[in-house]
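J.: Next input, structure requested:
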Amino acid sequence: MATRDHALSRFRTLANMRTPRPLRAFGLMVVFGLIAATFFMIYVPWVQTAYGAGQVIALNPQDRLQNVTALVPGRIEKWYVQDGQVVKEGDPIALIADNDPMLLQRLRAERSLAEAKVAAAASALSTARLDVGRTGTLFREGLASQRESELARIKVAEMEAVLAEARAAITQIDINLARQSLQTVRAPRDGVIQRISGGDKATMVSQGDVLASFAPTQTRRVVEIYVDGRDVPLIRRGQPVRLEFEGWPAIQFSGWPSVARGLFDGEVQQVDLAASTNGLFRVLVQEAKGKTRWPGEPYVRLGANARGWVAMEEVSVGFELWRQLNDFPLQNPALIEENQNGGTARKEKR
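T.: Just a heads-up that it's a prediction; the model follows:
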């Protein structure tokens, strides 16, 4: 030590050097920052979440976008609507005319002729039944042969077949008339005509061809999100979900739901048993009861993109950081509950 002091006395500049105050302050800040970060990662809670992205859909299949199709073949005679028009249930959308403009008149004439045939067949059948009775009486009295009696019965059977055929013809004509009455395509329910396929009198359509797309109103909306298969076993029905809708301003902190702004609450309604074609599992999310309602139209429409975070277990920030760096799965609530129950049981035994 004496040698060191003697050496320093020979280097006066070195002896007068001291650690700069800014450097000492920076060192203290680093030390206190490390201590604060340690306490922060140990004691500050973080809510684990399972992330998924999807879109807004209608829960009832009848409330989803539908195609209005032609019920009979023909040509488009007239349009009653245009794109974006609001319609009520039963309002006409388009009129389809048959290629033969006189078809309805001809069908009605055929029906009148068929009715006349039915009447004639019914009269002939009544006469044939009378002949059977008379021939039977004569046969019992020995005035007619058995052959004549059998021919009379055969005549009755033939008349019954003719009458049945005439009635079947009337039924077929009625079916054709009913089909022609479907030439006016009507709105299946209240909604909006989203897009018309187009066409005029020169456009031929077949049965089942799409004429327009129709979007019903007053739908019950849900959000479908697709979640990774590693997180799906941990998702249960009724779990809370935080949702962010496309176009709606939001600030998200998935681990601190109380800090996030612009997000809406939901709850898990259903988890699909099988994976979708994209390899992910679909989770349906409905509005949470007693919470802020989701934005309505026109702010959030059917088909709008959405992102969701399913709330899982609460852990420390340090644990969550360690889990994500190692790419470990989320905490299993069943295992946590089992460990807690096991610890309680051991204490009771003691």
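
J.: now the helices: where do they sit in this protein?
T.: 2-10, 12-16, 21-43, 103-140, 146-181, 317-325, 333-349 (DSSP state H).

J.: Could you list the low-pLDDT ranges of the chain?
T.: 1-17, 19, 99-107, 130-134, 136-152, 175-182, 198, 333-350 (pLDDT under 70).

J.: what angle do the longest strand along it and helix 317-325 make?
T.: When the chain is parsed with DSSP state E, its longest strand is strand 45-58. Relative orientation of strand 45-58 with respect to helix 317-325: 60 degrees, computed using axes from the mean of the first three to the mean of the last three Cα atoms, to 10 degrees.

J.: What residues sit buried inside strand 45-58?
T.: Using 16 or more other Cβ atoms under 10 Å as the test for burial, strand 45-58 gives 46, 47, 48, 49, 50, 52, 54, 56, 57, 58. Just so you know, the C-beta spots here come from the backbone N, C-alpha and C atoms, and that holds for glycine as well.

J.: Could you spell out the sheet neighbours of that strand, each with its direction?
T.: Sheet pairing here is set by DSSP bridges, and for strand 45-58 it gives strand 221-227 (antiparallel), strand 305-316 (antiparallel).

J.: Could you export those to JSON lines, including columns for distance to residue 254?
T.: Output for those, formatted as JSON lines (distance: least, Cβ to Cβ, whole Å):
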{"stretch": "strand 221-227", "distance to residue 254": "14"}
{"stretch": "strand 305-316", "distance to residue 254": "5"}
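
J.: Out of these, which one sits most buried?
T.: strand 221-227 (a mean of 22; mean count of other Cβ atoms under 10 Å).

J.: what's next to that strand, contact-wise?
T.: 50-59, 235, 241, 243, 266, 269, 276, 278, 280-286, 294, 300, 302, 306-308, 310 (Cβ atoms under 8 Å, 6 or more residues apart in numbering).

J.: Now do that strand: distance to the chain's middle.
T.: The chain centre lies 9 Å from the centre of strand 221-227; the measure is Cα atoms, centre = their mean, to the nearest Å.

J.: Convert the longest strand of the chain to PDB, retaining C-alpha atoms only.
T.: Backbone C-alpha positions of strand 45-58 (Å, rounded to 0.1, in the frame of the first residue of the first chain) are rendered in PDB as follows:
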ATOM      1  CA  PRO A  45     -49.100  -9.700 -12.800                       C
ATOM      2  CA  TRP A  46     -49.600 -10.500 -16.400                       C
ATOM      3  CA  VAL A  47     -52.700 -12.200 -18.000                       C
ATOM      4  CA  GLN A  48     -51.800 -14.800 -20.500                       C
ATOM      5  CA  THR A  49     -53.800 -14.800 -23.700                       C
ATOM      6  CA  ALA A  50     -54.500 -17.000 -26.700                       C
ATOM      7  CA  TYR A  51     -54.500 -14.900 -29.800                       C
ATOM      8  CA  GLY A  52     -56.700 -15.500 -32.800                       C
ATOM      9  CA  ALA A  53     -57.800 -13.500 -35.900                       C
ATOM     10  CA  GLY A  54     -61.000 -13.800 -37.900                       C
ATOM     11  CA  GLN A  55     -64.100 -11.900 -38.900                       C
ATOM     12  CA  VAL A  56     -67.600 -10.900 -37.900                       C
ATOM     13  CA  ILE A  57     -70.300 -13.400 -39.100                       C
ATOM     14  CA  ALA A  58     -74.000 -14.000 -38.500                       C
END
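
J.: For that strand, what is the distance to the chain centroid?
T.: 18 Å.

J.: Equivalent analysis for stretch 68-83, please.
T.: So, by Cα atoms, centre = their mean, the centroid of stretch 68-83 is 27 Å from its chain's centroid.

J.: May I have the distance across it, first residue to last?
T.: Stretch 68-83 has an end-to-end distance of 13 Å (Cα to Cα, to the nearest Å).

J.: buried stuff in it?
T.: For stretch 68-83, the neighbour count (16+ other Cβ under 10 Å) marks 68, 70, 71, 72, 74, 75, 76, 79, 80, 81 as buried.

J.: For the residue lying closest to residue 46 once chain neighbours are set aside, give me its contacts.
T.: Using Cβ to Cβ, 6 or more residues apart in numbering and skipping residues adjacent in sequence, the residue nearest residue 46 is residue 255, 4.0 Å away. Counting by Cβ under 8 Å, 6+ apart, residue 255 makes contact with 46, 47, 48, 49, 317, 320.

J.: So the first one sits against residue 311, correct?
T.: In this case it means residue 46. No - Residue 46 is beyond contact range of residue 311, at 11.3 Å (criterion: Cβ atoms under 8 Å).

J.: Show me the common contact partners of the two, please.
T.: By Cβ under 8 Å, 6+ apart, no residue touches both residue 46 and residue 311.

J.: Double-check residue 266 against residue 238; I have them as touching.
T.: No - assessed by Cβ under 8 Å, residue 266 is found out of contact with residue 238, at 10.8 Å.

J.: Among the two, which residue is more densely surrounded?
T.: residue 266 (24 against 8; other Cβ atoms under 10 Å).

J.: hmm, back to that, which members of the contacts of residue 255 are the farthest-apart pair?
T.: Farthest-apart pair in the contacts of residue 255 is 49 and 317; separation 13.7 Å (Cβ to Cβ).

J.: For the stretch 151-300 of the chain, which segments are assigned as strands?
T.: Applying DSSP state E, counting those that start in this stretch to the stretch 151-300 of the chain gives strands spanning 184-186, 191-196, 204-205, 210-216, 221-227, 240-245, 264-271, 281-287.
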